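Undergrad: need coordinates for the below:
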Amino acid sequence: MGSMLESKLTPEQHAMIRNVLIAQTESLGTIEAPVVEDLLKNLKCRKVLDIGCGDGSFLLKIAKRLRGVQFLGIDHSQLAIDDALRSVRGHLKRRVQYRAAFFDAGFDRTKYDAIMTRYTLQHSSDPNTFLKEAFARLKRKGVFVCLESLDAYTDCHAQDPIWDRFKSSVAQIHKRVGSNDNIGKSLGSMLNAAGFRDIQVRVVLCAPSTVGLEKFRSVVQASAELAVAFFPDLFEPKLLESLKEWLSDRERMEKQDPYICSAIANGRKP
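TA: Below you'll find the predicted structure:
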């Protein structure tokens, strides 16, 4: 049985997920993108596959800063690919392509200098097989880069009941939909088991102090609104209202500096 995000979504559901993806790119992506850019640049990658590209906003953030690199973004959702195609303009059309595809053993055997995923592995129903298939499609010395959730480390500098309720409700939703919100803890061992070497794992914090209050507020609120729309029994509408009020209190946010964690892992094919 696949996770919810491996299934077909309605246009309305897709639109809400797109809002979250864009907010993630503008917030967490501010910290994550430079790490990915440096890896691809330092290893002189010229052909990159992005698996589970969604609306394409993060891929474009990378592509705009890395000239001369060819990108292919794939996603199983045609709605997501349509969004991504609409966002590519000007000279980027020559370097950035998108297509609807499900990444599994039947995916084409083209070899890439780099393969990247962002909040995709955690939704895979078989992440170990996913990694083996990615390994098989890398050139020798090619690099795999993945960015995943690490919700167990999400916290506040000063404990707060509203943030605790937010974290607890999100954890229940991940459990119901079949995704692993703490796969970031396992990335090192998983990449090693798949055959990757020179493995590195970084933990990054998205907080008002690191990305700015507005970007932090945007991604948390978009995620909460999605949670209420999909699972009102697990994420109560009253919690959403309390969270909005909490997020609007600038002094409280600056003092407590709540944060969301993600893990960035990379490994090379020998």
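Undergrad: now residue 180: phi and psi?
TA: phi -110, psi 100 (degrees, to the nearest 10).
Undergrad: per-residue confidence at residue 15?
TA: Looking at residue 15, its pLDDT reads 87.
Undergrad: same check, this time on residue 2
TA: Value for residue 2, per-residue pLDDT: 42.
Undergrad: ditto for the one 3 residues further on
TA: Among the per-residue scores, residue 5 holds a pLDDT of 48.
Undergrad: ok, now the one 5 residues further on?
TA: pLDDT, residue 10: 76.
Undergrad: burial measure for it, as a count.
TA: 9 (other Cβ atoms under 10 Å). In this view, the C-beta of every residue, glycine as well, is placed from N, C-alpha and C.
Undergrad: how far away is it from residue 139?
TA: To residue 139, residue 10 is 39 Å away according to Cβ to Cβ, to the nearest Å.
Undergrad: in the helix or strand harbouring residue 15, what's buried?
TA: With secondary structure defined by DSSP states H and E, residue 15 is part of helix 11-26. By neighbour count on 16 or more other Cβ atoms under 10 Å, the buried set for helix 11-26 is 14, 16-26.
Undergrad: out of the residues you listed, which comes closest to residue 64?
TA: Comparing the buried residues of helix 11-26 against residue 64 with Cβ to Cβ places residue 25 closest, at 12.0 Å.
Undergrad: run a quick neighbour tally on the closest residue to the closest one other than its chain neighbours.
TA: Of all residues not flanking residue 25 in the chain, residue 57 sits nearest, at 4.1 Å (Cβ to Cβ, 6 or more residues apart in numbering). Residues lying near residue 57 (other Cβ under 10 Å) number 19.
Undergrad: OK, contacts around residue 222?
TA: 19-20, 23 (Cβ atoms under 8 Å, 6 or more residues apart in numbering).
Undergrad: swap that for residue 250, please
TA: residue 213.
Undergrad: what does the helix or strand hosting residue 189 contact?
TA: Taking DSSP H and E as the criterion, residue 189 maps to helix 187-193. Residues from elsewhere that reach helix 187-193 (Cβ under 8 Å, 6+ apart): 127-128, 131, 144, 146, 148, 183, 199, 201, 263, 265, 267.
Undergrad: tell me which helix or strand comes right after it.
TA: strand 197-206.
Undergrad: avg pLDDT for that next one?
TA: The model assigns strand 197-206 a mean pLDDT of 97.
Undergrad: in it, what counts as buried?
TA: Neighbour counts using 16+ other Cβ under 10 Å place 199, 201, 204-206 of strand 197-206 among the buried residues.
Undergrad: and which of these is nearest residue 122?
TA: residue 201 (14.5 Å).
Undergrad: so the closest one bridges to which residues?
TA: With DSSP bridges as the criterion, residue 201 is bridged to residue 265.
Undergrad: from residue 129, how far off is it?
TA: Taking Cβ to Cβ, one finds residue 201 at 21 Å from residue 129.
Undergrad: run through who's touching stretch 136-147.
TA: 32, 36, 39-40, 43, 45, 49, 107, 109-121, 131, 134-135, 187, 191, 196, 262-270.
Undergrad: report the distance from the longest strand belonging to the chain to the chain centre.
TA: Scanning the chain for the strand with the most residues, using DSSP state E, yields strand 138-149. A distance of 14 Å separates the centroid of the chain from that of strand 138-149, by Cα atoms, centre = their mean, to the nearest Å.
Undergrad: same check on stretch 173-186?
TA: 13 Å.
Undergrad: give the buried residues for it.
TA: Applying 16+ other Cβ under 10 Å to stretch 173-186 flags 173-174, 177-186 as buried.
Undergrad: double-check that residue 34 belongs to a helix.
TA: Yes: according to DSSP: H, G, I helix; E, B strand; the rest coil, residue 34 belongs to a helix.
Undergrad: number of residues surrounding it?
TA: 13.
Undergrad: same thing with the one 3 residues further on?
TA: Residue 37 has 17 neighbours, counted by other Cβ under 10 Å.
Undergrad: quick one: low-confidence ranges for this structure?
TA: Low-confidence segments of the chain (pLDDT under 70): 1-8.
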